[in-house]
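S.K.: need coordinates for the following:
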Amino acid sequence: MSKPKGKISVRAAVEKIYPMLPRRFSMMRLHAEVIREIRRPYLFLDTTRRKLQELRDEGLVDYDCIDRQKSLYHKNYVSKLPVGIIPGTGRDAEMGVDYYRSADGSVNYA
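M.R.: Next up, the predicted model:
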């Protein structure tokens, strides 16, 4: 593994941001949040996508691509990443309710 160029690596940023994303998310949103987190002026989109795929290959996250052209993804909530209580980011597009994830990993709907 190479040394990160900033204070935090791309993979660490993806691990931190993924649990905070809504159930349906776009790769562009994840990518923008990663760039903001690592504080680098530019990062290839494929780098963010590759790091997310590595997490899925290791069984840490589970998601499906629901629209390849728009780069939309759907979380399956089998994430094994450590998270605290994270408020939902608005209304869940599929279920129409607000949700948050508690420290034990359960999904709670408000």
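
S.K.: need the strands for the protein, in chain order.
M.R.: 24-26, 63-67, 72-75, 86-87, 99-101, 107-109 (DSSP state E).

S.K.: going by mean pLDDT, which of the ones you listed comes out lowest?
M.R.: Mean pLDDT is lowest for strand 86-87 out of the strands of the chain, coming in at a mean of 42.

S.K.: for residue 11, grab the count of nearby residues.
M.R.: 18 (other Cβ atoms under 10 Å). In this view, the C-beta of every residue, glycine as well, is placed from N, C-alpha and C.

S.K.: no no, residue 59
M.R.: 9.

S.K.: how close does it sit to residue 76?
M.R.: Distance, residue 59 to residue 76, using Cβ to Cβ, to the nearest Å: 12 Å.

S.K.: in stretch 57-67, which residues are buried?
M.R.: 60, 61, 63 (16 or more other Cβ atoms under 10 Å).

S.K.: now swap in stretch 18-34 and tell me
M.R.: Buried residues in stretch 18-34, counted by 16+ other Cβ under 10 Å: 18, 19, 21, 22, 23, 25, 27, 29, 30, 31, 33, 34.

S.K.: out of those, who's nearest residue 7?
M.R.: residue 34 (13.3 Å; Cβ to Cβ).

S.K.: need the pLDDT of the closest one.
M.R.: 93.

S.K.: report the contact partners of it.
M.R.: Residue 34 is in contact with 10, 13, 14, 17, 43, 48, counting by Cβ atoms under 8 Å, 6 or more residues apart in numbering.

S.K.: repeat the analysis, applying 6 Å as the threshold.
M.R.: 13, 14, 48 (Cβ atoms under 6 Å, 6 or more residues apart in numbering).

S.K.: what about it, distance to residue 46?
M.R.: Between residue 34 and residue 46 the computed distance is 12 Å (Cβ to Cβ).

S.K.: same check on residue 26?
M.R.: For residue 26, the distance to residue 46 - Cβ to Cβ - is 15 Å.

S.K.: now swap in residue 75 and tell me
M.R.: 20 Å.

S.K.: low-confidence ranges, the protein, go.
M.R.: By pLDDT under 70, the weakly predicted segments of the chain are 1-6, 77-110.
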